[in-house]
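Q: Pasted the sequence and its predicted model underneath.
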Amino acid sequence: MKFVVCIKNTDYAASLEVRKIYQVLPDSKANRHQMLRIIDESGEDYLYPNSYFMPIELSAPLQQVLEMS
């Protein structure tokens, strides 16, 4: 499972919080369009520009906690 941190939320202030960790869902079609499928503040998954996020490496224990949430 992949996680990213939001670094920008222009045009998506209600859906994304800057400096918050988000889960990325696999979506090869979105990747080809420079987009990520993110589970946002609504609890649903939507496409957002790659440039709004930075990938992060999580320790195994932290990743397990986040996956259970």
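A: That came in fine, so what should we check first? All values derive from a computational prediction rather than experimental measurement.
Q: any idea which element the residue at minimal distance from the centre of the chain lies in?
A: Relative to the mean C-alpha position of the chain, the nearest C-alpha, by CA atoms, centre = their mean, is the one of Tyr22, at 3.6 Å. Counting by DSSP states H and E, the secondary-structure element that holds Tyr22 is strand 21-25.
Q: same deal with Glu17?
A: Assigning secondary structure by DSSP H and E places Glu17 outside every helix and strand.
Q: show me what contacts it?
A: Cys6, Asn9, Glu41 (CB atoms under 8 Å, 6 or more residues apart in numbering). Glycine gets a C-beta too; all of them are placed from N, C-alpha and C.
Q: just checking, which of those belong to helices?
A: Here DSSP state H is the test, and the contacts of Glu17 give no hits in helices at all.
Q: Show me where this structure has its strands.
A: 2-6, 21-25, 35-39, 45-49, 53-56 (DSSP state E).
Q: Tabulate these (a markdown table), appending mean pLDDT.
A: Formatted as a markdown table, the strands of the chain follow (pLDDT from 0 to 100):
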| stretch | mean pLDDT |
| --- | --- |
| strand 2-6 | 95 |
| strand 21-25 | 94 |
| strand 35-39 | 96 |
| strand 45-49 | 96 |
| strand 53-56 | 96 |
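Q: Out of these, which gets nearest to Met68?
A: Between Met68 and the strands of the chain, the tightest spacing by CB to CB is seen for strand 21-25, at 11.5 Å.
Q: What residues sit buried inside that closest one?
A: Burial within strand 21-25, assessed by neighbour count using 16 or more other CB atoms under 10 Å, is assigned to Tyr22, Gln23, Val24.
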